[in-house]
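**Q** Here is my input, please return the structure:
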Amino acid sequence: MRIAQIAPLAESVPPKLYGGTERVVAWLVDELVELGHDVTLFASGDSVTRAKLNPVWPRALRLGRPRSDPMAAQTVLLEAMSQQAAEFDVIHAHIDWLHLPLLGRLGVPFVTTMHGRLDLPGLPDVVRRFPRAPFVSISNDQRTPLGEANWLGTVYHGLPANLYRPNFEGGSYLAFLGRLTAEKGPEGAIRIARAAGMPLRIAAKVPRGERRYFKERLEPQIDGDQIRLIGEVDDAAKQKFLADASALLFPIDWPEPFGLVMIEAMACGTPVIAFRSGSVAEVVDDGVTGFVVDGEAEAVQAVRRLGELDRRQVRAHFEQRFTAKRMTEEYLSHYAMLAGAEPKSLGRSLAPPIALQE
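**A** The predicted structure is shown next:
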């Protein structure tokens, strides 16, 4: 098949450091090429891919210098996409809602994977304007706020089976990996580690808008001994960081759409202790690949039960459920269905304007 993948421009594909969506796009694109498909990737020019790269903007926006206007970059992306749209059997977009008015009118088979939370004000109004636009969710829980959207199915993320080497011996510390924002639960992770009497290693970025939160709430608790901040890690450093951990702590306080770090830990044979929120219960097999808990007290008890888990089984379940090959095969089934349909039927159903609620 001739397939276009439309990536966000915030990070390169794959990202140099942080970036979940772009990392998943990279894995999907490379696996599609491995399976013999003709793939074009619309992404930043510093991306590295086995597909044909259409470098719609010179550098990824977050790390690029000087900083570019993101609206200008997105405009160029949409124009490049529209010029080539007729060349593809299907277009797969990963850029939220931006492309819907354009692809809906071009009459080209397309599908959108939503990578973020969908419980935000205004999103139901967008869905009602594009009732025939096909979507794929990354967890069943993610789609709950927008039940009326045209969901084709759920495709869980997957990563290459050989990307991370498992460590079956166990580790000596608890790990926290992710953005240092309140909703990701770093304060909870610190409290859990202290209560369990375990060292905590934090590999994370400090978002620009969260520096005050870090300075006031987290930095005073990072003593450099029991609680250490390692900083943002690349894929090579992440391998060792996760594989050498006793468990990954995932004490989230928001409806996590998927939680890529959970399957990265599982690929290393490392179990996950996660709060029951969002997609967690779909990703973690409780009592096998980790523990799904209700609050910090249960998390502390789960740390003490880690000896009940078999790290070889953690890795085996990852291989069964969360590889890039499995993800790609599921997306291909959706592509085939869309490409076999009448292209005009996949476009926008023109509806009267919907008054947005104040």
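**Q** how about the helices of the stretch 101-250 of the chain, start to end?
**A** Counting by DSSP state H, counting those that start in this stretch, one finds helices in the stretch 101-250 of the chain at the ranges 123-129, 186-196, 211-213, 235-243.
**Q** For Leu32, pull up the helix or strand it's in.
**A** Using DSSP states H and E, Leu32 sits within helix 20-34.
**Q** Name the residues that touch that helix?
**A** Contacts with helix 20-34, where a contact means CB atoms under 8 Å, 6 or more residues apart in numbering, come from 3, 5, 7-8, 10-15, 39, 41, 43, 47, 49-51, 94, 115, 157-160, 260, 324-325, 327-328, 331-332. In this view, the C-beta of every residue, glycine as well, is placed from N, C-alpha and C.
**Q** what about it, average pLDDT?
**A** For helix 20-34, mean pLDDT rounds to 97.
**Q** now swap in stretch 329-338 and tell me
**A** In the prediction, stretch 329-338 has an average pLDDT of 97.
**Q** what does that stretch contact?
**A** Outside stretch 329-338, the residues touching it (CB under 8 Å, 6+ apart) are 1, 3, 28, 32, 35, 37, 89-90, 92, 109-111, 134, 136, 152-153, 155, 346.
**Q** quick revisit: return the most buried member of the helices of the stretch 101-250 of the chain.
**A** Mean neighbour count (mean count of other CB atoms under 10 Å) peaks for helix 186-196 among the helices of the stretch 101-250 of the chain, with a mean of 21.
**Q** What is that one packed up against?
**A** Secondary-structure packing of helix 186-196 (3 or more CB pairs under 8 Å, 6 or more residues apart in numbering; DSSP states H and E): strand 173-177, strand 200-203, strand 227-229, strand 245-250, helix 296-304.
**Q** Return the list of strands paired to the second one, each annotated with direction.
**A** Using DSSP bridges, the strands paired with strand 200-203 are strand 173-177 (parallel), strand 227-229 (parallel).
**Q** so where does the closest residue to Pro166 other than its chain neighbours fall, helix or strand?
**A** Nearest non-adjacent residue to Pro166, counting by CB to CB, 6 or more residues apart in numbering: Gly269, 3.5 Å away. Here Gly269, judged by DSSP H and E, is contained in no helix and no strand.
**Q** measure Gly269 to Asp119 for me?
**A** According to CB to CB, to the nearest Å, Gly269 stands 33 Å off from Asp119.
**Q** who has more neighbours, the two?
**A** In this view Gly269 and Asp119 are compared by other CB atoms under 10 Å, and Gly269 has more residues nearby, 27 against 14.
**Q** which among the contacts of stretch 329-338 end up buried?
**A** Buried by 16 or more other CB atoms under 10 Å: 3, 28, 32, 37, 89-90, 92, 109-111, 134, 136, 152, 155, 346, out of those.
**Q** Lowest-confidence one in these?
**A** The pLDDT minimum for these sits at Leu346, where the score is 38.
**Q** Flag every buried residue along the helix holding Leu32.
**A** 20-33.
**Q** Could I get those residues in a markdown table, plus columns for distance to Val233?
**A** Formatted as a markdown table, the buried residues of helix 20-34 follow (distance: CB to CB, whole Å):
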| residue | distance to Val233 |
| --- | --- |
| Gly20 | 14 |
| Thr21 | 18 |
| Glu22 | 16 |
| Arg23 | 13 |
| Val24 | 18 |
| Val25 | 20 |
| Ala26 | 17 |
| Trp27 | 18 |
| Leu28 | 22 |
| Val29 | 23 |
| Asp30 | 21 |
| Glu31 | 24 |
| Leu32 | 27 |
| Val33 | 27 |
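**Q** Looking at those residues, which is nearest Arg191?
**A** Among the buried residues of helix 20-34, Gly20 lies closest to Arg191 (CB to CB), at 25.4 Å.
**Q** Any figure for the gap between the closest one and Val29?
**A** Per CB to CB, Gly20 is found 15 Å from Val29.
**Q** With Ile190 instead?
**A** Distance from Ile190 to Val29, counting by CB to CB: 37 Å.
**Q** Likewise for Pro55?
**A** According to CB to CB, Pro55 stands 14 Å off from Val29.
**Q** Same check on Val283?
**A** 23 Å.
**Q** Same check on Lys205?
**A** Computed as CB to CB, the Lys205 to Val29 distance reads 24 Å.
**Q** and if you look at Thr75?
**A** Distance of Thr75 to Val29, computed by CB to CB: 23 Å.
**Q** Figure out the length between the terminal residues of stretch 238-250.
**A** One end of stretch 238-250 sits 16 Å from the other (CA to CA, to the nearest Å).
**Q** again, but for stretch 94-107
**A** Distance across stretch 94-107, first residue to last, is 18 Å (CA to CA).
**Q** pLDDT wise, what is Leu63 at?
**A** For Leu63, the pLDDT comes out at 77.
**Q** Tell me which residues touch it, please.
**A** Going by CB under 8 Å, 6+ apart, Leu63 touches 11-12, 16-17.
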